[in-house]
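Visitor: let's see this in three dimensions:
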Amino acid sequence: MKLWKKAILGSLAALLVGVVGYTVLLSLAFDLMCTNEVFGESLSPQRNLKTVVFERNCGATTGFSTHVSIMDAKEGVGYEGGNVFVIDGHPNDTGVVVRWIDDSQLEIFTPNLRGVFLAERSWGKAEVVVSYVQTGS
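Guide: Numbering: from 1, shown residues only. Model (predicted):
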């Protein structure tokens, strides 16, 4: 292969690595700007899993949001957003309540489904089925 072709391919590869690296760093920086404040935890009946209801706040340009995550009982929330349910609004205002039926079934109660960003029907690691119950207007 000619030298100039190698130089162009090398430059394109370096550019691609740079763009991917920049994107990853930007994503990481955005996650670190957010804070999560836990409002409640609920252990599954066998106490090996838990749900965590928390508020996620990513600064002045974003509003409050209520998140629900399912995780191993010994895990903490960390910097990530909810992995099962996310709704617009502060936890004190959204009225979100979670209830374990058994270790493989979780119910999430919410007064309304407006402003929902995420509503997973299952959580893969332990095959937990998630159902939603609308409790009001």
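Visitor: which phi and psi does Lys50 have?
Guide: Per-residue torsions, Lys50: phi -150, psi 160 (degrees, to the nearest 10).
Visitor: what's the answer for Gln105, then?
Guide: When read as degrees, to the nearest 10, the backbone of Gln105 gives phi -140, psi 130.
Visitor: burial count for it?
Guide: 13 (other C-beta atoms under 10 Å). Placement of C-beta: from N, CA and C, glycine included.
Visitor: cool, the one 10 residues further on as well?
Guide: By other C-beta under 10 Å, 14 other residues sit near Gly115.
Visitor: distance of it relative to Ile8?
Guide: As judged by C-beta to C-beta, to the nearest Å, Gly115 and Ile8 stand 49 Å apart.
Visitor: same check on Phe85?
Guide: 48 Å.
Visitor: next: Gly59.
Guide: Remark: distance between Gly59 and Ile8 (C-beta to C-beta) = 41 Å.
Visitor: the more surrounded of Phe85 and Ile8?
Guide: Neighbour count, other C-beta under 10 Å: between Phe85 and Ile8, Phe85 has more, with 24 against 11.
Visitor: nearest residue to that one other than its sequence neighbours?
Guide: Val68 (4.0 Å; C-beta to C-beta, 6 or more residues apart in numbering).
Visitor: just checking: what are the partner strands of the host helix or strand of Trp100?
Guide: Counting by DSSP states H and E, the element that carries Trp100 is strand 97-102. Paired neighbours of strand 97-102 in the sheet (DSSP bridges): strand 105-110 (antiparallel).
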